[in-house]
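Asks: need a 3D model of the sequence below.
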Amino acid sequence: MKPFCWYCERTFDDEKVLIQHQKAKHLKCLVCKKKMGTASGLVIHCQQVHKEAITKIPGSIPGRETTEIDIYGMEGVPEEDIARHREAELTGKKKARVETEASDSDKSPPSGPQSSPSQAPPSLALPPQGYPYGYLPGMPPPQPWMMPSAGPPPPPSLPPQQSAVTAAVNAAVGQAGEMHMIYSDENVQMEEKRADHERYRFDEEKVKSEAQSLESSIEARLAALQKTLG
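Replies: Residues are numbered from 1 along each chain as shown. Sure thing, here's the model as predicted:
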């Protein structure tokens, strides 16, 4: 089972990204925007710094707004909620598999006899390209006056008209030189995207290797220092 947010039931691939989501979405002070690690930390911060009482966690689904339960990633999540989420996830996978099998069976061709296009009566056959409707193979070539006319040429396409607002925006962009977009995704916070980046992902093997290299360097310097003092 993948880690999920207890406050909003959103699923994540990495618990590190889940923790960043909880801090940015549910455990952030609405006054000073400071991010906390737990619900109790948010309550204490609002009481001591802003003299305000927090009774509900922001962005939580009904029934999960309580501040009496400390959730940090998957730590502190009640066992019954974990079992309920796992059951709902399995039910959703089974339902998706049944719907996929049903759609595949609907797309399968019928087993009964089918009529091929070559068995259509000659009267319903389409004439060769450029010949009038009703012409059949074997008939004498049609006269020029029987050939379908190409019709008048289509009118030339006009360039799309810009509204006054679009023209004003383009003019402003041209004067400023560049336009910087403001991040406005309410579902995915900037901290979540940064934590999910490969550069910031936790690599246990890399950390162990760097720790061993640092330990070896410290031991070598201590040995050299002892040799110098001795």
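
Asks: element containing residue 209, please.
Replies: Taking DSSP states H and E as the definition, residue 209 sits inside helix 204-229.

Asks: ah, wrong one, I meant residue 69
Replies: Counting by DSSP H and E, residue 69 is part of no helix or strand.

Asks: quick one: neighbours of the residue lying closest to it once chain neighbours are set aside, just the number.
Replies: Once flanking residues are discounted, residue 69 sits nearest to residue 76: 6.3 Å by Cβ to Cβ, 6 or more residues apart in numbering. Using the backbone N, CA and C atoms, a C-beta is placed for each residue, glycine as well. Residue 76 is flanked by 12 other residues according to other Cβ atoms under 10 Å.

Asks: now the one 5 residues further on
Replies: Residue 81 has 15 neighbouring residues, counting by other Cβ under 10 Å.

Asks: also the one 10 residues further on?
Replies: Residue 91 has 10 neighbouring residues, counting by other Cβ under 10 Å.

Asks: coming back round to it: the residue nearest to residue 69 is in contact with residue 70, isn't it?
Replies: Yes: counting by Cβ atoms under 8 Å, residue 76 does reach residue 70; the two are 5.1 Å apart.

Asks: and the end-to-end length of stretch 55-74?
Replies: Chord length of stretch 55-74, first to last residue, is 22 Å (Cα to Cα, to the nearest Å).

Asks: what are the buried residues along it?
Replies: Buried residues in stretch 55-74, counted by 16 or more other Cβ atoms under 10 Å: 57, 59-60, 64, 67, 69, 71-74.

Asks: so which of the residues you listed comes closest to residue 9?
Replies: residue 64 (8.3 Å; Cβ to Cβ).

Asks: for the closest one, which non-adjacent residue is closest in space?
Replies: Nearest to residue 64 is residue 7, by Cβ to Cβ, 6+ apart, at 5.2 Å.

Asks: what about the one you found, distance to residue 63?
Replies: 10 Å (Cβ to Cβ, to the nearest Å).

Asks: number of residues surrounding the residue nearest to residue 64?
Replies: The tally of other residues near residue 7 (other Cβ under 10 Å) stands at 22.

Asks: can you pull the pLDDT of it?
Replies: On the pLDDT scale, residue 7 is placed at 93.

Asks: so which helix or strand of the chain has the lowest pLDDT on average?
Replies: The helix or strand of the chain with the poorest confidence is helix 164-176; it has a mean of 57 (mean pLDDT, DSSP states H and E).

Asks: contact partners for residue 10?
Replies: Counting by Cβ atoms under 8 Å, 6 or more residues apart in numbering, residue 10 touches 4, 21.

Asks: how close does it get to residue 63?
Replies: Residue 10 is 16 Å from residue 63, where distance means Cβ to Cβ.
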